[in-house]
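In: next input, structure requested:
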Amino acid sequence: MRTSITRTSSLTDWAGGYDYEFVTAAGWDMYLYTLDQYLTHFIGRAAVYIGAEAPPESARQEAWPRLTQDLGLADPISSGSQVRIELAGVGPLEGVVDYVSPNFLGLRTADSLIRLYGRAVIGMTVAVGQHAFAQQVDADKIAVAWQTWLLTAFEPQHARYSWRWAPIEET
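Out: Modelled structure (predicted):
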C-alpha cells in the first residue's frame, strides 16, 4: 500500500507553533497498523466507531503514564501484554496490547480494536476510539462507559479515595 499526503497550506502556524508533519507522523503509523489489524483479524466485518475524550487534566504529558497504569500496564509496555478493562454498564473488555508508541496505545479484543491517543504534544486531551465489530453494538452506552472510565482515570488522586460520613443508627 502506498499513501500520499499533500497539504495545500502551511500549518506550522497552528496555535502553539506545531509542525503538521511532525505532529501527525506517529498517528499515520498507528492508523496504518490499525488497517493491518483489521485485514488480519476482522476482514469483511462492519465496524461501529465509538469515541470519547478525557477531561482537560489529561492534556499534559505527565498524564499518559496514569492512563497506562489504570490499564494495569507497567513500563516497558510490550505488544502481547494482556489487558482487562472494566467498563461500567458494559462489562469487561479483555484483550492484548497490539500497538505501542510513546503517545499511542492499541488494544485488540475478540471483537474490537481500541485505540488510545495521548495528544498532549498538541495541547489536546487523551482520547479513545473503539472500532467494535460485534453483531449488536450499543454505541451510545459504550461511549458513556468510556467517558466514565476516562473521567475516573484522570480524576485527582485525592478524589479516588474519598469517603462519606453517615450517621450511625442506634438500635
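In: report the central residue of the protein.
Out: L116 (2.1 Å; C-alpha atoms, centre = their mean).
In: excluding its backbone neighbours, what's nearest that residue?
Out: Closest residue to L116 apart from its sequence neighbours, by C-beta to C-beta, 6 or more residues apart in numbering: L105 at 4.4 Å. (Glycine included, C-beta is placed from N, CA and C.)
In: which helix or strand contains that neighbour?
Out: strand 104-109 (DSSP states H and E).
In: that strand pairs with which strands?
Out: strand 91-101 (antiparallel), strand 112-117 (antiparallel) (DSSP bridges).
In: that one - what's its average pLDDT?
Out: For strand 104-109, mean pLDDT rounds to 93.
In: and the closest residue to R45 other than its chain neighbours, how many neighbours does it have?
Out: Nearest residue to R45, sequence neighbours excluded (C-beta to C-beta, 6+ apart): F133, at 4.4 Å. F133: 19 surrounding residues under other C-beta atoms under 10 Å.
In: return the residues in contact with the residue nearest to H41 when sequence neighbours are not counted.
Out: Leaving aside its chain neighbours, H41 sits nearest to R108 (6.7 Å; criterion: C-beta to C-beta, 6+ apart). By C-beta atoms under 8 Å, 6 or more residues apart in numbering, the residues touching R108 are Q37, H41, G95, V96, D98, I114.
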